[in-house]
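Trainee: I would like to see how this sequence folds:
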Amino acid sequence: MSSSITTVAVLPPAVREYYDRLLLMTAYPTLIYTKFAQKRVLPEKMGDTIVFRRYARLPTVPIPLVDGVTPPGSPLSVTDLKARVSFYGNFVTVTNQVELTVEDRVLNESARLLAQNLAQTMDEVTRDVLASTSSVLQCSNGVNGQTPTELTKADIDAAVKTLLGNDAEMISEVVVASNQIGTTPIRPAFWGYIDTDLLDDLEAVSNFVSSSQYPGNQKVVLDSEWGATGNVRWLYTSVGSVSAATPPVYNNFIIGKEAYAVVNLRSETGEFYIKPLGSAGSADPLNQRGSVGWQHPFVARILNDAFMINLMATHS
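Mentor: Numbering: from 1, shown residues only. Have a look, this model is predicted:
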């Protein structure tokens, strides 16, 4: 029998063993990589490819007009970026013996797990697309002797300087100072994505400010926000972009406005399917199998490499 089918061997009935009726928490990583993407929904029956169009800036004309002479003008320059959706999906099969003998609402729990599975899959697909950017800086100001080194203020500042030189726009506005003790104002900021393995190195950066020290209402702190360094606010995840090298090299993405996009076909939530026992017809003559699953058409696309930086680092 297929190992992907949930049977009583996987979920023993409660009559065999006593168990806590409150199910234990399933550990989930925080999902961050789609948070600051441009979000688009491709309408149904309109194809599987979306085109993003960007116009180039017009050249400046610091030359006075000559009386009676028409200047040459400037042609428009357009760049089209295409993104084609791919289909992703997963499912869980449950046997009739599980439904008859196990007291948990197994299909309900399966649906919850699959919803998280969908979101994490889209997050990781986006993460891997960001890792393909051609805009890369390697940390070089640390002291761990590796190439790249650990994160430092100088390296983060260099990434910010590059983004500003590319006219990338920051995403978050300034968080102004308050009269609360132990707080500090936060600059307008780009957003950084960092793996949990590097949080101790991030805290060691000389100008690091913990999110607990942000002034005013803590509603300005996003879920999974660890803190800020200068003009970068940082979100963490346990499934960051990391190489298989020794030592591992971590990709820390620093993002400006309109750096990348995610596209969903028809809706942003995906489609969920519940197949009851016997729904397979003659393929399941004894009504032994049911299933619950999801399918989602999705694509992530870098829109402008100049508006993001992959700041590569190792751990101290």
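
Trainee: Look up how far Glu173 lies from Ala158.
Mentor: Remark: distance between Ala158 and Glu173 (CB to CB, to the nearest Å) = 23 Å. In short, each C-beta sits where N, CA and C put it, glycine included.

Trainee: Who has more neighbours out of these two?
Mentor: Ranked by neighbour count (other CB atoms under 10 Å), Ala158 and Glu173 place Ala158 first, with 17 against 11.

Trainee: Might one say that the more buried one is in contact with Leu137?
Mentor: Yes: the pair Ala158 and Leu137 qualifies as a contact (CB atoms under 8 Å) at a distance of 6.2 Å.

Trainee: Report the contact partners of the residue nearest the centre of the chain.
Mentor: In the chain, the centroid-proximal residue (CA atoms, centre = their mean) is Tyr33; its distance is 1.1 Å. Residues near Tyr33 by CB atoms under 8 Å, 6 or more residues apart in numbering: Asp123, Glu124, Thr126, Arg127, Leu130, Tyr193, Thr237.

Trainee: low pLDDT regions in the stretch 201-316 of the chain?
Mentor: For the stretch 201-316 of the chain, the stretches flagged by pLDDT under 70 are 216-218.

Trainee: hey, where'd the strands end up in the stretch 151-300 of the chain?
Mentor: When secondary structure is read from DSSP state E, counting those that start in this stretch, the stretch 151-300 of the chain shows strands at 190-195, 208-210, 225-229, 232-237, 241-242, 250-255, 260-265, 271-275, 289-302.

Trainee: just the angle between the third one and strand 232-237, please?
Mentor: It stands for strand 225-229. 150 degrees (axes from the mean of the first three to the mean of the last three CA atoms, to 10 degrees).

Trainee: Show me how far strand 225-229 is from its chain's centre.
Mentor: Offset of strand 225-229 from its chain centre (CA atoms, centre = their mean, to the nearest Å): 17 Å.

Trainee: So in that sheet, which strands flank it, and in what orientation?
Mentor: strand 208-210 (antiparallel), strand 232-237 (antiparallel) (DSSP bridges).

Trainee: Reformat those into a markdown table and put distance to Ser224 and mean neighbour count next to each item.
Mentor: Below are these laid out as a markdown table (distance: least, CB to CB, whole Å; neighbours: other CB atoms under 10 Å):
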| stretch | distance to Ser224 | mean neighbour count |
| --- | --- | --- |
| strand 208-210 | 14 | 17 |
| strand 232-237 | 5 | 24 |
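
Trainee: Go through the ones you listed and name the closest to Lys275.
Mentor: Proximity to Lys275 (CB to CB) singles out strand 232-237 among these, at 32.7 Å.

Trainee: low pLDDT regions in the stretch 51-200 of the chain?
Mentor: Residues of the stretch 51-200 of the chain meeting the criterion pLDDT under 70: 98-104, 176-183.

Trainee: can you count the residues close to Phe272?
Mentor: 15.

Trainee: just the one 10 residues further on next, same as before
Mentor: As a burial measure, the neighbour count of Ser282 was computed by other CB under 10 Å and equals 5.

Trainee: repeat for Asp167
Mentor: Asp167 has 10 neighbouring residues, counting by other CB under 10 Å.
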